[in-house]
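> When you get a sec, could you give me coordinates for this:
(2 chains)
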Amino acid sequence: MNRRLIESVLPPAATFVLTTAAAEFGIRAAGISPLLLPTPSAVARAALQHSSTLLPALAATAQSVVVGLSLSIAVGLLVAIALSTSRWVERAFYPYAIFFQIVPIVAIAPLLVIWFGYGMRAVVAAAFIVSVFPVIANSLAGLLSVDPALRDLFRLYGASRTATLWKLSLPWALPNVLTGLRIAAGLAVIGAIVGEFVGGGGLGVVVLEAMRQQRTDLVFAAVLHAAALGLALFAAVNATSHFALRRWQNQEKDA
Amino acid sequence: MRRLEASKWVFALAIATLLAAFACGGEDAAKRAVAGKFAIALNWKPEPEFGGLFEAQRSDAFTKRGIELEITGGPGAPVVQMVEAGKVEFGIAAADEVMLARDRGTDIVAVFATYQTNPQGIMVHASRGLAALPDLFAAGGTLAVEPGVAFTKFFEKRFDLAKMKIVPYGFSIAPFLNDKEMAQQVFVTAEPIAARRQGADPQVFLIAASGFNPYAAVVITTGARARGEAKRVADFVAALREGWRGYLDDPSQANAQMGALNKEMDGETFRLGAEAQQPLIEDAFTKEHGIGAMSLARWTELGEQLRELGLIDKPAAPQQCFVDVDAPSGTPPAPR
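Residues are numbered from 1 along each chain as shown, chains lettered A, B, ... in the order given. Alright, predicted model coming up:
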């Protein structure tokens, strides 16, 4: 157990230490202006010095991301279930679901402000728009890949559609749904920050302010906070996945 | 094991790319230097605020001084960083950005100030019956400004903004046109004219009138260039001054040229913008010292204000912020 912990923590920690040290000495040795590329130590200093700005901003962004992502999960799953009910429905609507994947969020972000007003609603909308498609696409793929033999078995026993959905399709699709969530979690953070560029609040505005005030170190610090938020969500999805799929994974190992 | 090998190569490649990106910063510039060329990065689309530059380009004011100029940049261009990295020789920025850049450890200097009076203002709907900026802050409503601009800090210090909802300015006047209680930052030469032409009844309060008046549309370069190539920089400034003289007298030809590059702005808006900015560029001080001249007193005042606002840590040495290329001794012109 202890050894497994070391094996999982040591490689990323070593990468972190080595890259940070390389960047620190590389930037210093090359004499690059702090305006162009700050050293990791300068970024860490900025993060500490401006923690009273960064932490509330992080909380605001996190709130929008969680709301946007939750909407994506709810809407994305419902849409995927609806699309999986019949080939006709899928053919009629799936092409339009793809729209969400290709919509250039930066281009429509200013419109979100006109539709939803300034503030959190526009930010949540931006997070939702960019994160809903991976949920739809992956969930649908999972729902459509149910083993036909099992489906026949359910039909043979006269299981209702609802029972088939709850007891067969959804559990079967769960690994795919979670894959979709992993992708959606990262995208939701990006969407929220773009939303904040136009809607206001959170880390997005901290980035804009720091850019304007030529605090490149603070820009990097804010970006790192956003990355940490993405990582936390990713870890949360992984933990859920580990918990939900434990039974299946153990079975696979036994087999 | 093989995967580790591969990732090592990817890492090395990434580092090499990064280093190359920084190393080649000066390469374009080196090529231009051999050919006797300069490049200037704008911070916005071609609009009347750059009228003199385009007029100088059009009227051969640069070429007759042996300068071939390439005009580049645009909205969102990191102009100060581009000048600092040597991607371009000159750039357009605001005086407060120059002082901020110096405080952050760079050697950026101003060589020419287009606007003696800062053309930035706050636009409101005239129907609200407000007489000045303090009235707006007392009345409240939404105010759209670029996050992080120095004048917002100035407002926070000087006025009570508790009633204002401050939101990012997305460079579109649509939200303003949609909301009668909305106010936003503007360049007097652009947004108010566009808003009026779209049927609104805008009213503008100049920020300079409330006591914060940094030089605007300032031409910047590095201190090293200003000292090392003093003659060429002086020629550049002389050409620019000639261009501005020409533009103030007759903006029509430069406007037509800029209009071809910026199709979103029609000819009438160009004409009205050029007219609106005239008194902000030419005043009693420039009549004595020349268009674009700057004073030590103004730079000293700006340094003090930025320090009070907490934007810079210590008062920057104001005489280092700008180069008076007209005075070979380096003495700035007399304060007004």
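> residue ranges with poor pLDDT in the chain?
Using chain A. Within chain A, the segments meeting pLDDT under 70 span A:1, A:248-255.
> Switch to chain B, please.
B:1-29, B:33-35, B:315-316, B:325-336.
> got the residues of it near chain A?
Residues of chain B that fall close to chain A, judged by Cβ under 8 Å from any Cβ of the partner chain: B:15, B:19, B:22, B:78, B:80-81, B:84-85, B:97, B:100-101, B:104-106, B:142, B:146-149, B:165-168, B:170, B:172, B:174-175, B:178, B:311. No exception for glycine: its C-beta is placed from N, CA and C like everyone else's.
> Tell me, how many residues neighbour residue B:133?
Counted with other Cβ atoms under 10 Å in any protein chain shown, the neighbours of residue B:133 add up to 20.
> Skipping adjacent residues, who's closest to it in space?
Spatial nearest neighbour of residue B:133, excluding adjacent residues (Cβ to Cβ, 6 or more residues apart in numbering or on different chains): residue B:205 at 4.7 Å.
> Then residue B:191?
Nearest residue to residue B:191, sequence neighbours excluded (Cβ to Cβ, 6+ apart): residue B:173, at 5.5 Å.
> so who does that neighbour touch?
Applying Cβ atoms under 8 Å, 6 or more residues apart in numbering or on different chains to residue B:173 gives the contacts B:184, B:191, B:194-195, B:198.
> How about residue B:312?
Neighbour list for residue B:312: B:99-100, B:103, B:303, B:306 [criterion: Cβ under 8 Å, 6+ apart].
> Let me have those residues in CSV, adding distance to residue A:90, secondary structure and neighbour count as columns.
Output for those, formatted as CSV (distance: Cβ to Cβ, whole Å; DSSP: H, G, I helix; E, B strand; the rest coil; neighbours: other Cβ atoms under 10 Å in any protein chain shown):
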residue, distance to residue A:90, secondary structure, neighbour count
B:99, 60, helix, 28
B:100, 55, helix, 24
B:103, 59, helix, 19
B:303, 65, helix, 22
B:306, 60, helix, 24
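> Between all of those, which two are separated the most?
Greatest spacing in the contacts of residue B:312, by Cβ to Cβ: B:100 and B:303 (10.7 Å).
> so which residue of the stretch 201-336 of chain B comes closest to chain A?
Nearest residue of the stretch 201-336 of chain B to chain A (Cβ to the nearest Cβ) works out as residue B:311 at 6.3 Å.
> what does chain B give?
As assessed by Cβ to the nearest Cβ, chain A sits closest to residue B:148 within chain B, at 3.2 Å.
> ok now do that residue, which residues does it touch?
A:208-213.
> ok, which of the residues you listed also contact chain B?
Among the contacts of residue B:148, the residues within reach of chain B (Cβ under 8 Å from any Cβ) are A:208-213.
> Which of those residues are buried, as a ChimeraX select command?
Selection command for ChimeraX covering only the buried members of the ones next to chain B among the contacts of residue B:148, criterion 16 or more other Cβ atoms under 10 Å in any protein chain shown:
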select /A:208,209,210,211,212,213
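> farthest-separated two in the ones next to chain B among the contacts of residue B:148?
Longest span within the ones next to chain B among the contacts of residue B:148, Cβ to Cβ: A:208 and A:213, 9.7 Å.
> I figured residue B:191 hits residue B:123, correct?
Yes - the criterion here is Cβ atoms under 8 Å, and residue B:191 meets it with residue B:123 at 6.1 Å.
> Now do the shared contacts for the two.
Shared contacts of residue B:191 and residue B:123 (Cβ under 8 Å, 6+ apart): B:176, B:184, B:202.
> is it true that the first one lies in a strand?
Just to be clear, that refers to residue B:176. No - counting by DSSP: H, G, I helix; E, B strand; the rest coil, residue B:176 falls outside a strand, being helix.
> these two touch, right, it and residue B:143?
No - judged on Cβ under 8 Å, residue B:176 makes no contact with residue B:143 at a distance of 10.4 Å.
> Helix or strand: which one has residue A:4?
helix A:2-30 (DSSP states H and E).
> a markdown table for the contacts of residue B:148, including secondary structure?
Output for these, formatted as a markdown table (three-state DSSP):
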| residue | secondary structure |
| --- | --- |
| A:208 | helix |
| A:209 | helix |
| A:210 | helix |
| A:211 | helix |
| A:212 | helix |
| A:213 | coil |
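> Helices of the stretch 101-250 of chain B, start to end?
Along the stretch 101-250 of chain B, counting by DSSP state H, counting those that start in this stretch, helices occupy B:133-139, B:150-158, B:174-178, B:191-197, B:223-228, B:230-249.
> Out of those helices, which is closest to residue A:33?
Checking those against residue A:33 by Cβ to Cβ gives helix B:223-228 as the closest, at 12.5 Å.
> Contacts made by the closest one with the rest, please.
B:89, B:107-109, B:111, B:233, B:320, B:323, B:325.
> Farthest pair within those residues?
So, the contacts of helix B:223-228 by Cβ to Cβ: farthest apart are B:89 and B:320, at 19.3 Å.
> When these two are compared, which one has more neighbours?
A count of neighbours by other Cβ under 10 Å puts residue B:89 above the other of residue B:89 and residue B:320, at 25 against 13.
> Out of the contacts of helix B:223-228, which is nearest to residue B:212?
For these, the nearest to residue B:212 is residue B:108 (20.5 Å; Cβ to Cβ).
> is it true that that closest one touches residue B:82?
No - assessed by Cβ under 8 Å, residue B:108 is found out of contact with residue B:82, at 10.8 Å.
> Tell me which of the two has more neighbours.
More neighbours surround residue B:108 than the other of residue B:108 and residue B:82, with 27 against 21 (other Cβ under 10 Å).
> Contacts only, for the more buried one.
Residue B:108 neighbours (Cβ under 8 Å, 6+ apart): B:80, B:83-84, B:93, B:98, B:101-102, B:220-223.
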